[in-house]
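*Asks:* here you go, sequence then predicted model.
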Amino acid sequence: MEITNVNEYQAIAKEKLPKMVYDYYASGAEDQWTLHENQYAFSKILFRPRILIDVSKIDMSTTVLGFKISMPIMIAPTAMQKMAHPEGEYATARAASAAGTIMTLSSWATSSVEEVASTGPGIRFFQLYVYKDRNVVAQLVRRAERAGFKAIALTVDTPRLGRREADIKNRFTLPPFLALKNFEGLDLGKMDKADDSGLASYVAGQIDRTLSWKDVKWLQTITSLPILVKGVLTAEDARLSVQAGAAGIIVSNHGARQLDYVPATIMALEEVVKAAQGRVPVFLDGGVRRGTDVFKALALGASGIFIGRPVVFSLAAEGEVGVRKVLQMLRDEFELTMALSGCRSLREITRDHIVTEWDVPRIRPAPRL
Ligand SMILES: Cc1cc2nc3c(=O)[nH]c(=O)nc-3n(C[C@H](O)[C@H](O)[C@H](O)COP(=O)(O)O)c2cc1C
């Protein structure tokens, strides 16, 4: 059957993938309240479209950290993509590059920074997990730099791994024929089987729980790449990110895989945007599945969005072709949303083009007593 929207890939992935792999990709933490909310919260935002504007030409292009891309839709880091498809991160890199957008490569990729770079030209960011062994981190950042990656997305919401119960039940571990390729030479590329989630044990053993704001500064001493702080949900941390020298902020709850009962990212976005005061760009990931979602995020002040699960699900279904299709469908939907709401460029998308459930007291007259 023909695929007409991004969500349809999930069911196909579920059919195709081993249960352990599908569950790892799909799951959120604990009750998965935030997982549901990430998508559902977009339905609390409606449009205030403008009419009779010449929309014969629509320009979706934008600039992220000085890099020109074709649309404000980018690829979030998701770990271990070769579990979805033999070409894994290579396929994703090629699809992103063909779409003229940015791919973020996970630290825990099953292809190394050098391997991904060898797929050809493309603007790529590298997502960083900070290991206890700082030599490992410094070495990896240097390799990413040398391989032509343009920014570091520092993940700050994972001092420990969130409790993903399906992974615990499945005794999730990386299949033995795969490796965390960025760490292979460092003897950290394999994941032992554990009595619970193998990934949770790996994180507990390797990832630095002491990570703090001073380390954001430290990172700037070992690299000249711009740093995006990934995992901000509050105004307080937005201000601290700016103070610590971040080049940008990603409003993210890690696809609802870390702390459950945090708000949907689209609900947290505006507070972060206000606190950033235009000093650094603010991006969003979490639950974006439609072009309308992209528009809503931009109307609330995001400079762009990233998608996570749609990439791994489409990769599982159709490899590179699938990821290309996901990017194309979101692009087409976003373009149509712009046209139907009377916006010809990203600059024309404003807060007045939407109304949110939390605006309602402002727009509705108070009931008569
Ligand atoms: C299977 C999977 C693996 C992920 N791996 C990483 C990772 O290695 N590093 C990271 O910073 N975020 C990781 N994330 C979080 C994503 O970068 C992103 O925040 C999230 O997927 C966005 O939500 P969405 O899946 O609803 O689009 C992962 C998410 C998923 C679903």
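*Replies:* It's in. Numbers count the residues shown, from 1 in each chain.
*Asks:* ok, whichever residue of the chain sits closest to the ligand - contacts?
*Replies:* Closest residue of the chain to the ligand, Cβ to the nearest ligand atom: residue 308 (2.1 Å). The C-beta positions use only the backbone N, C-alpha and C, and glycine is treated the same way. Applying Cβ atoms under 8 Å, 6 or more residues apart in numbering, we find residue 308 in contact with 76, 77, 78, 255, 285, 286.
*Asks:* apply 10 Å and report the result again.
*Replies:* Counting by Cβ atoms under 10 Å, 6 or more residues apart in numbering, residue 308 touches 25, 75-78, 104, 106, 252, 254-255, 257, 285-288.
*Asks:* widest-spaced pair of those?
*Replies:* The most widely separated members of the contacts of residue 308, counting by Cβ to Cβ, are 106 and 287 (18.9 Å).
*Asks:* near the ligand, which residues of the stretch 101-250 of the chain are found?
*Replies:* 106, 108, 127, 155, 230 (Cβ under 6 Å from any ligand atom).
*Asks:* and for the closest residue to the first one other than its chain neighbours, the neighbour number?
*Replies:* Excluding its sequence neighbours, the residue lying closest to residue 106 (Cβ to Cβ, 6 or more residues apart in numbering) is residue 77, at 3.8 Å. Residues lying near residue 77 (other Cβ atoms under 10 Å) number 25.
*Asks:* quick one: secondary structure of residue 77?
*Replies:* When classified by DSSP: H, G, I helix; E, B strand; the rest coil, residue 77 comes out as coil.
*Asks:* tell me which helix or strand comes right after whichever helix or strand residue 145 is part of.
*Replies:* Assigned by DSSP states H and E, residue 145 belongs to helix 134-146. Using DSSP H and E, the helix or strand that directly follows helix 134-146 along the chain is strand 151-155.
*Asks:* what's in contact with the helix or strand just after that next one?
*Replies:* Downstream of strand 151-155, the first helix or strand assigned by DSSP H and E is helix 165-169. Helix 165-169 has contacts (Cβ under 10 Å, 6+ apart) with 19-20, 22-24, 26-32, 161, 172-173, 194-200, 257.
*Asks:* and helix 165-169, what's buried?
*Replies:* Neighbour-count burial for helix 165-169, counted by 16 or more other Cβ atoms under 10 Å, picks out 165, 166, 167.
*Asks:* and what of stretch 275-295?
*Replies:* Neighbour-count burial for stretch 275-295, counted by 16+ other Cβ under 10 Å, picks out 275-276, 280-295.
*Asks:* now do stretch 162-179
*Replies:* For stretch 162-179, a neighbour-count test (16+ other Cβ under 10 Å) marks 162, 163, 164, 165, 166, 167, 170, 172, 173, 174, 178, 179 as buried.
*Asks:* likewise stretch 126-136?
*Replies:* Buried positions in stretch 126-136, judged by neighbour count with 16+ other Cβ under 10 Å: 126, 127, 128, 129, 130, 131, 136.
*Asks:* can you count the residues close to residue 120?
*Replies:* The tally of other residues near residue 120 (other Cβ under 10 Å) stands at 11.
*Asks:* which residue comes closest to it once chain neighbours are left out?
*Replies:* In space, residue 120 is closest to residue 97, 6.3 Å off (Cβ to Cβ, 6+ apart).
*Asks:* wait, the one you found touches residue 119, no?
*Replies:* Yes: between residue 97 and residue 119 there is a contact at 7.4 Å, judged by Cβ atoms under 10 Å.
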